[in-house]
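Novice: got a sequence here, can you model it:
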Amino acid sequence: MQTPTLTWLDGDTPKTSAWQSVNGAPAPKRIHIADDTLSADTAYRLACEGTGLLWRGDFQNARLLLQALSRRVEKAIAKTSSKLTAQAAAASNGAPADMAALFHAHRKTQAQRSRILGLLIIELSADWRTPLRRAPDMQAACTEAWGPSGADSNLVSMQALQGLVGAHEWRKKGVPIAVLGTGAHIHPYFGVFSPIRGEYLTLVAQAPLPAALSQQPIAFDIGTGTGVIAALLARKGIAQVLATDLSDTALACAHDNLQRLGLRQQVELVKTDLYPQGQAALIVCNPPWVPARPTSAIEHAVYDEGSRMLRGFLAGLKDHLIPGGQGWLILSDLAEHLGLRTHQELLGWIDAAGLTVLKRYDARPQHGKSSNTQDPLHAARKKEITSLWCLGV
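Specialist: Coordinates of the predicted model:
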């Protein structure tokens, strides 16, 4: 995809720069040169009007301004949140329709926050450097996300840069995965969802393997992402795992992680939508669990509009299982508590696909949001259960 460009005035001189966006956000229509003399209130007003603030001051002061803008955004959102609070109270008493309205309103405020904060902009050179005072080295983080720049000038939001640097650190340090063994780490790439929710990995680690693997020791991992489930299946003793994904970044990430873990020979990576060719004794899928439209690359791991991947996995499972084989569907029921999908709908899709539920293993989430009472969606999150559905034909 070609990088969009933005023409703006640097003083009286017209200038063209590449607009680097991590979530497809459009380039601002106007550019205002900003520095350390710009007040937070003026910056907030300009950003609310859709004006990009091209920072020419101290880099660390830009970070402070971003924090100030964030506080103003949160304050503005809080002023209009009385209806959401009422909806949350109703939802806590079991009102799915109100919870769905709350979810969509919450997503709208998230988008508003991202749009405003994304208008504080830094200019980077062709080699991803900036002349700003006290600026950190961001070359590695930008190169990992975007590769070499094809433009002499690049405009990037400060908020995006912080995300890139954070992702770079996650990639360097890795995420410890206890069920893979002592000292085992998964190193997520930028744009590939990090396996920080450990409950679903524990379910996979503890579930007994189907007997059909003794006839054909092949498993499929559908939508492999970082490759963590494929690695876990290999560690459980499955001789051959075919791991699929449509994302080149995800496949590269999975290759790297499997290589680090010494499991690359057991796992074959396949670029395809859902299923590879052939059949297997075990097919595992951890699809996005919320049926809503994603707004960035990383959100594709959480949001799946129309439950496309979930329904596609169920519809194709019967044809790809050998006799006696099992499909493992790993799914949170958060969408049900948000009023976005009913339990009966899920059971109906399973039945329509010619499948039966053999067993179900459940786990309560341990992540921070499940206990954060300040989260607008807490009423739904506190009820959430992640399940491993063992499905057969």
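Novice: and after the worst-scoring helix or strand of the chain on mean pLDDT, which helix or strand comes next?
Specialist: Lowest mean confidence among the helices and strands of the chain (mean pLDDT, DSSP states H and E): helix 82-92, at a mean of 55. Sequence order places helix 96-117 as the next helix or strand after helix 82-92, per DSSP states H and E.
Novice: check which helices and strands that following helix sits against.
Specialist: Where contact means 3 or more CB pairs under 8 Å, 6 or more residues apart in numbering; DSSP states H and E, helix 96-117 is packed against helix 40-48, helix 59-79, helix 82-92, helix 378-381. (C-beta placed from N, C-alpha, C; glycine too.)
Novice: deepest of these, which one?
Specialist: Across these, averaging neighbours per residue (mean count of other CB atoms under 10 Å) puts helix 378-381 on top, at a mean of 21.
Novice: for it, C-alpha coordinates in PDB please.
Specialist: Taking Å, rounded to 0.1, in the frame of the first residue of the first chain, the C-alpha atoms of helix 378-381 are listed here in PDB:
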ATOM      1  CA  HIS A 378     -16.600  -3.500  34.100                       C
ATOM      2  CA  ALA A 379     -20.100  -4.900  34.500                       C
ATOM      3  CA  ALA A 380     -19.500  -7.200  31.600                       C
ATOM      4  CA  ARG A 381     -15.800  -7.900  32.200                       C
END
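Novice: after that helix, which helix or strand is next?
Specialist: Toward the C-terminus from helix 378-381 - assigned by DSSP H and E - lies strand 386-392.
Novice: for the record, mean pLDDT for that next one?
Specialist: Averaging pLDDT along strand 386-392 gives 97.
Novice: helices or strands next to that strand in the packing?
Specialist: helix 199-206, strand 321-332, strand 356-363.
Novice: okay if I get these as a markdown table plus mean neighbour count, mean pLDDT and distance to residue 5?
Specialist: Shown next, in a markdown table, are those (neighbours: other CB atoms under 10 Å; pLDDT from 0 to 100; distance: least, CB to CB, whole Å):
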| stretch | mean neighbour count | mean pLDDT | distance to residue 5 |
| --- | --- | --- | --- |
| helix 199-206 | 18 | 95 | 42 |
| strand 321-332 | 22 | 97 | 40 |
| strand 356-363 | 14 | 97 | 48 |
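Novice: leaving out chain neighbours, which residue sits closest to residue 133?
Specialist: residue 58 (4.7 Å; CB to CB, 6 or more residues apart in numbering).
Novice: give me every residue that touches the one you found.
Specialist: 36, 132, 133, 134 (CB atoms under 8 Å, 6 or more residues apart in numbering).
Novice: between its first and last residues, how far does stretch 378-386 reach?
Specialist: End-to-end distance for stretch 378-386: 16 Å, by CA to CA, to the nearest Å.
Novice: I should have written stretch 382-393 there, sorry.
Specialist: Stretch 382-393 has an end-to-end distance of 33 Å (criterion: CA to CA).
Novice: again with stretch 26-46
Specialist: Taking CA to CA, the first and last residues of stretch 26-46 lie 16 Å apart.
Novice: and for stretch 108-127?
Specialist: The first residue of stretch 108-127 is 35 Å away from its last residue (CA to CA).
Novice: average pLDDT across it?
Specialist: Mean pLDDT, stretch 108-127: 92.
Novice: give the buried residues for it.
Specialist: Of the residues in stretch 108-127, 109, 113-124 count as buried by neighbour count, 16 or more other CB atoms under 10 Å.
Novice: with stretch 136-149 instead?
Specialist: Neighbour-count burial for stretch 136-149 [16+ other CB under 10 Å]: 138, 141, 142, 144, 145, 146, 149.
Novice: dump the residue contacts of the closest residue to residue 158 other than its chain neighbours.
Specialist: Closest residue in space to residue 158, ignoring its immediate chain neighbours: residue 120 at 4.4 Å, by CB to CB, 6+ apart. The contact partners of residue 120, taken as CB under 8 Å, 6+ apart, are 34, 43, 47, 53, 55, 62, 65, 66, 69, 157, 158, 159.
Novice: would JSON lines of these with pLDDT and distance to residue 329 be doable?
Specialist: Output for the contacts of residue 120, formatted as JSON lines (pLDDT from 0 to 100; distance: CB to CB, whole Å):
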{"residue": "34", "pLDDT": "96", "distance to residue 329": "50"}
{"residue": "43", "pLDDT": "97", "distance to residue 329": "47"}
{"residue": "47", "pLDDT": "96", "distance to residue 329": "43"}
{"residue": "53", "pLDDT": "97", "distance to residue 329": "46"}
{"residue": "55", "pLDDT": "97", "distance to residue 329": "47"}
{"residue": "62", "pLDDT": "96", "distance to residue 329": "45"}
{"residue": "65", "pLDDT": "97", "distance to residue 329": "46"}
{"residue": "66", "pLDDT": "96", "distance to residue 329": "40"}
{"residue": "69", "pLDDT": "96", "distance to residue 329": "42"}
{"residue": "157", "pLDDT": "95", "distance to residue 329": "37"}
{"residue": "158", "pLDDT": "95", "distance to residue 329": "40"}
{"residue": "159", "pLDDT": "93", "distance to residue 329": "35"}
